[in-house]
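Enquirer: only the shape, not the letters, is given here:
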């Protein structure tokens, strides 16, 4: 996460772990219609955006 003066920005790595390749996540695959890695990235984006907006609003 970067603070650039105009807000926070999340930098997403080009390469990273693929959750489907880990045995820990095998059982979750049957509950989703998309791949887990993309779902996690989308969740993280929404989660951190909401938190940062809440913190920013509280400071105002």
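Expert: Great, that's in hand. The model shown is predicted, which means the values in this text are computed figures rather than measured ones.
Enquirer: make it CA atoms for all contacts and neighbour counts henceforth
Expert: Noted.
Enquirer: geometrically speaking, which residue is the centre of the chain?
Expert: The centroid of the chain falls nearest to residue 44 when counting by Cα atoms, centre = their mean (2.0 Å).
Enquirer: ok, and what's touching the host helix or strand of it?
Expert: Residue 44 is part of helix 36-59, with elements assigned from DSSP states H and E. Helix 36-59 is contacted by residues 8, 10, 18-20, 29 when judged by Cα atoms under 8 Å, 6 or more residues apart in numbering.
Enquirer: before we move on, back to that, which pLDDT does the model give the residue nearest to the centre of the chain?
Expert: At residue 44 the predicted local distance difference test score is 83.
Enquirer: who does the helix or strand bottoming out on mean pLDDT in the chain pair up with?
Expert: Every helix and strand of the chain was ranked by mean pLDDT, DSSP states H and E. The lowest is strand 2-3, at a mean of 71. Applying DSSP bridges, strand 2-3 is found paired with strand 8-9 (antiparallel).
Enquirer: now residue 17: phi and psi?
Expert: Main-chain torsions, residue 17, degrees, to the nearest 10: phi -70, psi 140.
Enquirer: tell me the buried residues in the helix holding residue 44?
Expert: Using 16 or more other Cα atoms under 10 Å as the test for burial, helix 36-59 gives residue 36.
Enquirer: how far away from the center of its chain is that helix?
Expert: With Cα atoms, centre = their mean, to the nearest Å as the basis, helix 36-59 stands 7 Å off its chain's centre.
Enquirer: next one: stretch 21-35
Expert: 17 Å.
Enquirer: use 525 as the first number from now on
Expert: Shifting the count to begin at 525 puts that one at stretch 545-559.
Enquirer: what does it rub up against?
Expert: Contacts of stretch 545-559 (Cα under 8 Å, 6+ apart): 543-544, 560.
Enquirer: likewise for stretch 528-535?
Expert: Against stretch 528-535 from outside (Cα under 8 Å, 6+ apart): 525-527, 569, 576.
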